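[1] please work out how this folds:
(one chain, ligands or ions: 2)
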Amino acid sequence: MSTYDLIIIGAGPGGYNAAIRAGQLGLKAAIVEKRDTKKLGGTCLNVGCIPSKSLLHASELYEAAATRFAGLGIKTGGVSLDLPQMLKQKDEAVDGLTRGVEFLMKKNKVETFLGAGEIVERGKVRVTGADGKTTDLSARHIVIATGSEPAPLKGVEIDEKTIVSSTGALTFSSVPKHLVVIGAGVIGLELGSVWRRLGSKVTVIEFLDRVLPGMDGEVSKTFQRILAKQGMTFRLSSKVTGVEKMKSGLMVKVEPAAGGVPEIIDADAVLVAIGRRPYTAGLGLERLGVKRDKRGFIETDQFRTSVESVFAIGDVIAGPMLAHRAEDDGVACVELIAGKAGHVNYDRVPNVVYTWPEVASVGKSEEELKAVGVVYKIGKFQFAANSRAKTNHETDGFVKILADAKTDLLLGCHIVGIGAGEMIAEAVSVMEFGGASEDIARTCHAHPTRSEAVRQAAMAVEGWAMQA
Ligand code: FAD
Ligand code: NAI
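    Residues are numbered from 1 along each chain as shown. Ligands and ions are numbered 1, 2, ... in the order given. From the prediction side, this is the model:
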C-alpha cells in the first residue's frame, strides 16, 4: 500500500491548490478525483467559473458587435451567431486549463489517482476506478475537498436538456426562445445574461424581494434596473411550485412567495439556480464519525473536522462557495498541517458577478453594518462622471465605499460597473492592510482609468470628491 503525508480527495480549486502547496512544502501528497471526464479542476474548471466566463465573454462581444459597434463607427455587415463554435471555444478553454492542472500536479510531484475516494478508516483511503478496480492508499493526513452540487427544487426534475442546472445551461445546443430562470442569484443572472444576449427571452423568478440577496441593497436595486433595461424580466417575491413537460414545451407553475393564486408561464427551457449544497456522498463520513451541520456542511475548526487528522476545505464546509476562497482554504489548511500559521480572512473574500456591467464587493454592506450598529460614512461616485467610462460610452453603475465614521477604517466597497471585478482588488488589499478610505483617496491613480472612480468615491467619504 502506498503511504503519503497527505491524501486530498477532490481536485477542484480547493484540492488542487492544497496539493500544489503540499508539493512546495516537501510533503508527499496524492490527489483523488472521480469526475467521469477524468479532468482535474473540479466544478470551477469543468462546469463552473471557466465555461461560464467563456460564454459570458463571447456572448458579450456578440451583443456588442450586434448593437454597439455601429455607434462606435464600426460597420460589421451583419452579425450572426455560430453557437457550435462558441461552445467549442468554451470547451477548448476548459481543456487547456484542466491540462494545466495535470501539469501542475506533476511539477509539484503530486500523484493523481482517478476514481472515487472513500475513507475506509482513519488514515486509509480506497480509490474505486470507473472499471471497479480498487487501490488502497494510506496517509498521516486526509483533506476532504469534494465541493458542492446544485440544490434541487421540489416539483422540478432536472434532465439537463430542457430543465437544466448550471451544467446543462452551459451546453444548450440551440438558443431557447423563452428561458425561465429560477433564482436571481449569481448563476441565474450570469447564465441568464448569456442566453439573453444570444437571443432568448429571459424571465427570472426569485423567491425574495430583490436580486442578489446577499449583496448591498443599493447595488441589488441598481443592478436589477440595469438588467431590466437590457431586456431581462423579473418576477420577485415569487416561487415555482412545479414544471411540467408538454409536447410543445414546458409549463412553469408560479405563485407568490407567501402563497396565493398560481399562474402558468410557458417556457422552452428552465434553469434551476437556487443555490448549491455540499457534496459528501460515498466518502464514508458516517462510519468515520465526521460531523456535519444541519445543511450538510462538514463542521470544522481551522479546517480540522471532528475526527483527528481528517481536514475539510472549500465548498464542502460553511462559508462563501467561491473558487478563490477554496484555493485560500487549501493553502492555509496544508500550511497548518505542515506546522505553519495558515489563515483565511473570510471578511476579505471578494465577490464578483461577471455580467455586463460586473458587480463586485468586499467587506460589509450597509445592511450588515446597520444590523451590528456600526456608525459609518458613505462615499459614492457614479461612472457617469468618470472620464474613461464616458469616453467608452459605458457609464452604468457606481462605486460605493463604506468607512468607519470614527476611525475611517475601510469597512466595505461595492462596485457596479465595467471592470468591477478587477477594480475590487484595490479595496481588498487596502482592507487587508487595515487601511482607511483616506489611504485610497490620497493614492495616485492613473488617468484616464475607471479605477479613478474608486479614488473619487474614497474622496467622497470626507466630502472632497473632485469630479462630481
Ligand atoms: P469543487 O470545485 O466542486 O471540486 C470538488 C471535486 O471533488 C469535484 O471535481 C468532484 O468530482 C470531486 N469529488 C467529489 N467527491 C469525490 C470523491 N468521493 N472522490 C474523488 N473525487 C470526488 N466561483 C468563483 O469564485 N468565481 C466564479 O466565477 C464562479 N463561477 C461559477 C459558475 C458556476 C456555473 C458554478 C456552478 C460555480 C461557480 N463558482 C465560481 C463556484 C466555484 O466553482 C466553487 O466555489 C469551487 O469550484 C469550489 O471548489 P472546491 O475545490 O471546494 O470544490
Ligand atoms: P445563489 O445562492 O447565488 O442564488 C440563489 C437564489 O435563488 C437566491 O436569490 C435565492 O433567494 C433564490 N431562491 C432560492 N430558492 C428559491 C425558490 N424556490 N424559488 C425562487 N428563488 C429561489 O445560488 P446560485 O446562483 O445557484 O449559485 C450557487 C453558488 O455558486 C453561489 O452562491 C456562488 O457561491 C457560486 N457561484 C459564483 C459565481 C461567481 O463568483 N461569479 C458564479 C456562479 C456561481
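[2] residue contacts, the residue nearest to I187 when sequence neighbours are not counted?
    Once flanking residues are discounted, I187 sits nearest to A273: 3.9 Å by C-beta to C-beta, 6 or more residues apart in numbering. Placement of C-beta: from N, CA and C, glycine included. Contacts for A273 (C-beta atoms under 8 Å, 6 or more residues apart in numbering) come out as P150, S165, S166, V181, I182, G183, G185, I187, G188, L191.
[3] do you know how far the closest residue to the third one other than its chain neighbours is from V416?
    Read it as S166. Setting aside the residues directly before and after it, S166 is nearest to I187 in space (C-beta to C-beta, 6+ apart), at 4.8 Å. For I187, the distance to V416 equals 18 Å [C-beta to C-beta, to the nearest Å].
[4] now swap in G10 and tell me
    Distance from G10 to V416, by C-beta to C-beta: 34 Å.
[5] quick one on the thing from earlier: who has more neighbours, I187 and V416?
    Using other C-beta atoms under 10 Å as the criterion, I187 and V416 rank with V416 on top: 29 against 23.
[6] can you confirm whether the helix or strand that contains that one lies near ligand 2?
    Using DSSP states H and E, the element containing V416 is strand 410-417. No - applying C-beta under 6 Å from any ligand atom, one finds strand 410-417 out of contact with ligand 2, separated by at least 13.8 Å.
[7] okay, now the domains of this protein?
    Listed domain ranges for the chain are 2-149+277-347, 163-274, 357-461 (source: automatic domain parsing).
[8] would you mind listing the buried residues in the helix ranked longest in the chain?
    Ranked by residue count and defined by DSSP state H, the top helix of the chain is helix 83-107. The neighbour-count check on helix 83-107 (16 or more other C-beta atoms under 10 Å) flags M86, L87, K90, A93, V94, L97, T98, V101, E102, L104, M105 as buried.
[9] over to stretch 104-118?
    Buried-residue list, stretch 104-118, by 16+ other C-beta under 10 Å: L104, M105, N108, V110, E111, T112, F113, L114, G115, A116, G117, E118.
[10] contacts only, for the second one.
    What that stands for is M105. By C-beta under 8 Å, 6+ apart, M105 lies in contact with Y16, A19, I20, I31, L40, E111, T112.
[11] tell me where the stretch 51-200 of the chain has helices.
    For the stretch 51-200 of the chain, the helices defined by DSSP state H, counting those that start in this stretch cover 83-107, 186-197.
[12] looking at those helices, which is closest to M431?
    Closest to M431 of the helices of the stretch 51-200 of the chain, according to C-beta to C-beta: helix 186-197, at 21.6 Å.
[13] given the next helix-or-strand element following the closest one, what are its sheet partners and their directions?
    Downstream of helix 186-197, the next assigned helix or strand under DSSP H and E is strand 201-205. Counting by DSSP bridges, the strands paired with strand 201-205 are strand 178-182 (parallel), strand 233-235 (parallel).
[14] out of those strands, which is closest to ligand 2?
    When the strands paired with strand 201-205 are compared by C-beta to the nearest ligand atom, strand 178-182 sits nearest ligand 2, at 5.0 Å.
[15] pLDDT of stretch 443-459, averaged?
    Here stretch 443-459 scores 98 as its mean pLDDT.
[16] same question, stretch 30-43
    Stretch 30-43 shows a mean pLDDT of 94.
[17] what is the end-to-end distance of that stretch?
    Start-to-end span of stretch 30-43 (C-alpha to C-alpha, to the nearest Å) is 19 Å.
[18] next, see if that stretch gets close to ligand 2.
    No - using C-beta under 6 Å from any ligand atom, stretch 30-43 never reaches ligand 2; the gap is at least 8.5 Å.
[19] in the protein, what residue lies closest to ligand 2?
    G185 (1.7 Å).
[20] which residues touch that residue?
    L212, P213, A273, I274, G275.
[21] what's the neighbour count on the closest residue to the last one other than its chain neighbours?
    It stands for G275. In this structure, G275 finds its nearest non-sequential neighbour in A151, 4.5 Å apart by C-beta to C-beta, 6+ apart. A151 has 14 neighbouring residues, counting by other C-beta under 10 Å.
[22] surely A151 and Y279 touch.
    No - between A151 and Y279 there is no contact under C-beta atoms under 8 Å: 11.0 Å.
[23] show me the shaky parts of the stretch 151-300 of the chain.
    Along the stretch 151-300 of the chain, no part satisfies pLDDT under 70.
[24] interface residues of it facing ligand 1?
    Within the stretch 151-300 of the chain, the positions near ligand 1 by C-beta under 6 Å from any ligand atom are S166, I187, Y279, G282, L283.
[25] out of the residues you listed, flag the one nearest to V359.
    Using C-beta to C-beta, I187 is the member of those that sits closest to V359, with 13.7 Å.
[26] which single residue of the stretch 251-400 of the chain approaches ligand 1 most closely?
    G314 (2.3 Å).
[27] gap between that residue and Y16?
    11 Å.
[28] M251 now?
    42 Å.
[29] same thing with F172?
    F172 sits 29 Å away from Y16, going by C-beta to C-beta.
[30] neighbour count winner among those two?
    Higher neighbour count among F172 and Y16: Y16, with 32 against 23, using other C-beta under 10 Å.
[31] got phi/psi on that one?
    phi -70, psi -30 (degrees, to the nearest 10).
[32] is it true that it touches L40?
    Yes - using C-beta under 8 Å, Y16 makes contact with L40 at a distance of 6.0 Å.
[33] anything in contact with each of the two?
    I31, V101, M105.
[34] got the contact list for R126?
    Going by C-beta under 8 Å, 6+ apart, R126 touches G117, E118, V120, T134, T135, D136, L137.
[35] what's across from it in the sheet?
    When assigned by DSSP bridges, R126 has beta-bridge partners E118, D136.
[36] could you check how many residues crowd around the closest residue to L369 other than its chain neighbours?
    Closest residue to L369 in three dimensions, ignoring its sequence neighbours and counting by C-beta to C-beta, 6+ apart: Y376, at 5.1 Å. Neighbour count of Y376, defined by other C-beta under 10 Å: 18.
[37] contact partners for Y376?
    Contact partners of Y376, counting by C-beta under 8 Å, 6+ apart, are E366, L369, L402, A403, D404, A405, L411.
[38] so what's it scoring on pLDDT?
    We note a pLDDT of 98 for Y376 in this prediction.
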